[in-house]
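# Pasting the sequence and the predicted model now:
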Amino acid sequence: MMRGLISGLAVLALMSCGEFDAGYERGFKQSFQSKFVASCKDAAVRKGAKPEKAESYCGCTAKQIAEKHSAAEIKKIMATEDNPELDAAVKSCLK
């Protein structure tokens, strides 16, 4: 009986970790997209882009990155000046 209780608690703990990880990923990606779009749009508008066009382009780029990469990968991508993943997302959204 005690062994079954301990096994059940262990399974619950592991499920909670998985749910936490999934929640962290979702939250991180939502925050990343929101901040990326705001920063990207601001920079594009300062350089002469129309706000609607800038928001569409920046939103597309953020979505591409968030859909294809984990939170850890996004952190690395955004910390690197020259990054092929970001370049690919940008090119994809310019079409």
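Happy to help now that I have it.
# now the most centrally placed residue in the chain: how far from residue 53?
For the chain, the residue nearest the mean C-alpha position is residue 29 (2.9 Å; C-alpha atoms, centre = their mean). Applying C-beta to C-beta, to the nearest Å, the value for residue 29 to residue 53 is 24 Å. C-beta here means a position set from N, CA and C on the backbone, and glycine is covered the same way.
# ditto for residue 77
23 Å.
# So between the two, which is more surrounded?
Between residue 77 and residue 53, residue 77 has the larger neighbour count (other C-beta atoms under 10 Å), namely 17 against 12.
# who's in contact with the more buried one?
65, 69, 83, 85, 86 (C-beta atoms under 8 Å, 6 or more residues apart in numbering).
# what mean pLDDT does the strand or helix carrying residue 72 have?
Using DSSP states H and E, the element containing residue 72 is helix 71-79. Mean pLDDT, computed over helix 71-79, is 92.
# Stretch 82-95 now?
For stretch 82-95, mean pLDDT rounds to 87.
# Any buried residues in that stretch, and which?
Buried residues in stretch 82-95, defined by neighbour count with 16 or more other C-beta atoms under 10 Å: 85, 86, 89, 90, 93.
# Can you tell me which helix or strand of the protein has the lowest average pLDDT?
helix 2-46 (a mean of 74; mean pLDDT, DSSP states H and E).
# counting contacts, what elements does the helix or strand following that one pack onto?
Per DSSP H and E, the first helix or strand lying C-terminal to helix 2-46 is helix 51-68. For helix 51-68, the elements it packs on are helix 2-46, helix 71-79, helix 84-94, judged by 3 or more C-beta pairs under 8 Å, 6 or more residues apart in numbering; DSSP states H and E.
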